[in-house]
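>>> everything below, folded, please.
(one chain, ligands or ions: 1)
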Amino acid sequence: MPSSRSRGQQDDAETSWRDQLSALRNLPPFFRLIYRTSPSLTVTNVLLRLVQSALPAAKLYVGKLIIDEVIRILDAGGDTTYLWELVALELALFLASDLLNRGINLVDSLLADLYTNQTSVDLMRHAATLDLYHFEDAEFYDKMERARRQTTSRSTLISQLLAQFQSTVTLVVLGVSVAAFNPWLIVLLVVAVIPSFIQENYFNQQVYSLTRSWTPERRELDYLRYLGASDVTAKEVKIFGLADFITTRFHKLSMQYYHVNRKLSIKRASWGAFFSAVSALTYYGAYVLIIFQTINGVITVGSLTFLSGAFRQMQQGLQTVLSRFSTIGENALYLQDLFDFFAIRPNIADRPGSIPFPTQLRIGWEFQDVSFKYPNSDTYAIRNLTFKLPAGQKLALVGENGAGKTTLVKLLARLYEPTEGRILLDGRDLREYELSTLRDNVGVIFQDFFRYQLTARENIVVGRVEEGENTERIQDSARKSLAEAVINDLAGGYDQLLGRRFAGAVDLSGGQWQKIALARAYMRDAQLLILDEPTSALDARAEYEVFQRFTALIEGKTAVLISHRFSTVRMADHILFLEYGGLLEEGSHEELLALGGRYAELFELQAAGYR
Ligand SMILES: Nc1ncnc2c1ncn2[C@@H]1O[C@H](COP(=O)(O)OP(=O)(O)OP(=O)(O)O)[C@@H](O)[C@H]1O
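As a prediction, the model looks like this:
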């Protein structure tokens, strides 16, 4: 995959410190998201951490007082009450710190769980508002994939962010008390930690660039993993003997990733070791300085333990704060993906002043010189199409594979909008109607309808979830679509779990699935019903029966049928014959036969096959 590699390397160079710093601007909206998830947990968390952050300095200071008091008693003797009070106080501080830590961890994990749930819901809701073409676009898919990862992995950012706040307060408290004894210790501290921070930050940013630039490959790896081990593909993998093909491809790609990643990890570990040695040296430098001061009588032995303890804690604390700062910066960069995803707006949306779909169609639909190009394609899928679909008419679409039948259906349902020309509904542009009522009134069963791994009943109910409790309607729909016989044969009847994914589920044949999916069409009160070849797996007689019932049962409603079987197509009032996205012939079955054109030719071809 040479092209994507070179693109990846370009990304490497592009993701700079500046990106990371500017990504920090994502933190306030992120914090608002956390707060919105649970205001009470967020406030509790901050308060607990605030108290906790004062404890390290307090514990060290009480330790100092204890040592000084012990030395005083050793030198001069006297009452030990004060000493025991100090010991009791240190114990209390220790217990409080442990308790606070547990409280903080608990609140952190509760908050993270709630946040993950909330963002997952937000993500699904937002995805539902987007245009169909977004999902057919690879770049969008990468973005969505990255955003999806954010919903779970970003929950650790919550505790990082709050811990950062806590550590900073701890550092300030320790810093003020150390500076009171010897300000030079602070300078030493900063000198020791800054270079290590810079290297840490550099490598974090490298890892981010690497992960990001490998998104397409990681998606491919996920896909290969799915191909290699999934119920859906198992059959073909066996028949075609694809296991080796898939695993070799997976292995090759995963090793490529492993090698670049290993190189970076080794570099990171080596530099990390070097800087940690520098840290150790400065710590002992400071230690020697404090020991000299104690020997010279400038400070007490208690202060020696306080200062060396505080210095070590500050050094570790500062290192943690700085490296966490770069992890936060890196996480904030990832957060950008989530916010970018939420910023995508659908093009197909209600316009100001949109009107509800007519309760009763008067005129019907009209295509006026409609042309359409898929956003990612240079060629027209529909070309200069002009035709009328009067209210109540049963229209059939015929044409060879790729002629544009499904595309025309997508335009009718406004899943896409024409690139040129207009689609009118009762004399007004389709875009003037509210999307929600349009979707309620246009029911489509696609050839690649979805097989939900749910119960038979739920598989029908998805046609109109509002009617989920209406058993009569569900059974009626099943009867109309010929699914009733299929369901009656199932051990669990309507409550039988279908598919292969879950335990106790029963899989159906292609034709049986189609009958169930067709029942969805009858669940709706839609004014336009479209069947886009959902009957291809039915035998010829069953398809004939299904369509005959369909046209009779939806009497008075407008319908569009797509089928490659002429025995079915001839039932329609009007037929459009499409070729290369354009209209080649149109008329009733008899008219088209009389015309003696392509329709007649293909009809004869099929009829001859049956003779
Ligand atoms: N999502 C898409 N992005 C880009 N091009 C597409 C997309 N879907 C379809 N096309 C192209 O648009 C043209 C029309 O496809 P369409 O699916 O409408 O044909 P069809 O008549 O329904 O075919 P079939 O009988 O095989 O179902 C084809 O050339 C196809 O390659």
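
>>> pLDDT score for Tyr141?
You'll see Tyr141 listed with a pLDDT of 80.

>>> could you do Asp489 as well?
pLDDT for Asp489: 94.

>>> can you give me phi and psi for it?
Note on Asp489: backbone dihedrals following degrees, to the nearest 10 are phi -80, psi -10.

>>> the one 3 residues further on now?
Here is the backbone geometry of Gly492 (degrees, to the nearest 10): phi -90, psi 10.

>>> how close does it sit to the ligand?
Going from Gly492 to the ligand by Cβ to the nearest ligand atom, to the nearest Å gives 34 Å. (Each C-beta comes from the backbone N, C-alpha and C, glycine too.)

>>> same deal with Ala413?
13 Å.

>>> so after the longest helix belonging to the chain, what's the next helix or strand?
Looking across the chain with DSSP state H, the single longest helix is helix 243-295. Downstream of helix 243-295, the next assigned helix or strand under DSSP states H and E is helix 301-343.

>>> what's whichever residue of the stretch 1-150 of the chain sits closest to the ligand sitting at in phi/psi?
Taking Cβ to the nearest ligand atom, the ligand has its nearest neighbour within the stretch 1-150 of the chain at Glu136, 4.4 Å off. For Glu136, the backbone dihedrals (degrees, to the nearest 10) come out as phi -100, psi 10.

>>> how big is the angle separating the longest helix of the chain from helix 301-343?
If you take axes from the mean of the first three to the mean of the last three Cα atoms, to 10 degrees, helix 243-295 sits at 150 degrees to helix 301-343.

>>> returning to that earlier point: quick one: the residue of the stretch 1-150 of the chain closest to the ligand and Leu415 touch, right?
No - using Cβ atoms under 8 Å, Glu136 is not in contact with Leu415; the gap is 10.6 Å.

>>> who's more crowded, these two?
Leu415 (16 against 13; other Cβ atoms under 10 Å).

>>> tell me the pLDDT of the more buried one.
With respect to pLDDT, Leu415 has a value of 91.

>>> secondary structure class of it, three-state.
Assigned state for Leu415: coil (three-state reduction, DSSP: H, G, I helix; E, B strand; the rest coil).

>>> list the contacts for it?
Residues counted as contacts of Leu415 (Cβ atoms under 8 Å, 6 or more residues apart in numbering) are Asp131, Leu132, Ile348.

>>> pLDDT score for the residue of the stretch 1-150 of the chain closest to the ligand?
pLDDT for Glu136: 78.

>>> look at the closest residue in space to it that isn't next to it in sequence and report its pLDDT.
The shortest distance from Glu136 to any non-neighbouring residue, by Cβ to Cβ, 6 or more residues apart in numbering, is to Asn376 (6.9 Å). Asn376 carries a pLDDT value of 82.

>>> and Asn376, how far from Thr247?
According to Cβ to Cβ, to the nearest Å, Asn376 stands 31 Å off from Thr247.

>>> do His134 as well
32 Å.

>>> looking at the two, which is more packed in?
For His134 versus Thr247, the count of surrounding residues by other Cβ under 10 Å is larger for His134: 18 against 14.

>>> tell me the contacts of the more buried one?
His134 neighbours (Cβ under 8 Å, 6+ apart): Phe140, Ile344, Pro346.

>>> how about 7 Å then?
Phe140, Ile344 (Cβ atoms under 7 Å, 6 or more residues apart in numbering).

>>> quick check: phi and psi at it.
The phi and psi values for His134, taken as degrees, to the nearest 10, are phi -60, psi -40.

>>> go through stretch 253-266 and flag the buried ones.
Within stretch 253-266, the residues that qualify as buried are Leu253, Ser254, counting by 16 or more other Cβ atoms under 10 Å.

>>> per-residue confidence averaged over that stretch?
93.

>>> list of residues touching it?
By Cβ under 7 Å, 6+ apart, stretch 253-266 touches Gln206, Val207, Leu210, Trp214, Glu217, Glu220, Leu221.

>>> rerun at 8 Å
Residues outside stretch 253-266 that contact it (Cβ under 8 Å, 6+ apart) are Met1, Phe203, Gln206, Val207, Leu210, Trp214, Glu217, Arg218, Glu220, Leu221, Leu224.

>>> do stretch 40-52 as well
By Cβ under 8 Å, 6+ apart, the list of residues contacting stretch 40-52 from outside reads 34-35, 97, 100-101, 103-104, 107-108, 110-111, 114, 162-163, 165-166, 169.

>>> narrow the residues you listed to those in helices?
34-35, 97, 100-101, 103-104, 107-108, 110-111, 114, 162-163, 165-166, 169.

>>> just the buried members of those residues?
The neighbour-count criterion (16+ other Cβ under 10 Å) marks 34, 97, 100, 103-104, 107-108, 111, 114, 162-163, 166, 169 among these as buried.

>>> of those residues, list those near the ligand.
When Cβ under 6 Å from any ligand atom is applied, no member of those is adjacent to the ligand.

>>> now render the residues you listed as CSV, adding distance to Leu411 and pLDDT.
Below are these laid out as CSV (distance: Cβ to Cβ, whole Å; pLDDT from 0 to 100):
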residue, distance to Leu411, pLDDT
Ile34, 43, 90
Ser97, 66, 94
Leu100, 62, 95
Gly103, 58, 96
Ile104, 56, 95
Val107, 52, 94
Asp108, 50, 92
Leu111, 46, 92
Leu114, 42, 91
Leu162, 50, 91
Ala163, 53, 92
Gln166, 57, 93
Val169, 60, 93
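
>>> give me the three-state assignment for Leu395.
Here Leu395 takes the strand state, with states given by three-state DSSP.

>>> surely it meets Ala572?
Yes - in this structure, Leu395 is within contact of Ala572 by Cβ under 8 Å, at 6.0 Å.

>>> mutual contacts of these two, please.
Taking Cβ under 8 Å, 6+ apart as the contact criterion, the common neighbours of Leu395 and Ala572 are Leu561.

>>> close to the ligand: what parts of this protein are there?
So far as Cβ under 6 Å from any ligand atom goes, the chain lies against the ligand at 136, 374, 376-377, 381, 399, 401-407.

>>> quick one: the residues you listed as CSV, columns for secondary structure too.
Listed next are the residues of the chain next to the ligand as CSV, based on three-state DSSP:
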residue, secondary structure
Glu136, coil
Tyr374, coil
Asn376, coil
Ser377, coil
Ala381, strand
Gly399, strand
Asn401, coil
Gly402, coil
Ala403, coil
Gly404, coil
Lys405, helix
Thr406, helix
Thr407, helix
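
>>> can I assume Glu417 is in contact with Ile348?
Yes - under the criterion of Cβ under 8 Å, Glu417 makes contact with Ile348 at 6.1 Å.

>>> neighbour-wise, which of the two wins?
Per other Cβ under 10 Å, whichever of Glu417 and Ile348 has more neighbours is Glu417, with 18 against 15.

>>> got the phi and psi for that one?
Phi and psi for Glu417, reported as degrees, to the nearest 10, are phi -120, psi 150.

>>> local confidence estimate at Met1?
36.

>>> do the one 4 residues further on as well
The confidence metric pLDDT takes the value 41 at Arg5.

>>> now do the strands in the stretch 1-150 of the chain.
With DSSP state E, counting those that start in this stretch, there are no strands along the stretch 1-150 of the chain.

>>> shaky segments in it?
Scanning the stretch 1-150 of the chain for pLDDT under 70 picks out the ranges 1-17, 20.

>>> please enumerate the helices of it.
With helices called from DSSP state H, counting those that start in this stretch, the stretch 1-150 of the chain shows them at 2-14, 17-23, 27-37, 39-76, 81-129, 132-135, 138-153.

>>> out of the ones you listed, flag the one nearest Gln447.
In terms of Cβ to Cβ, the element of those nearest to Gln447 is helix 132-135, at 15.5 Å.
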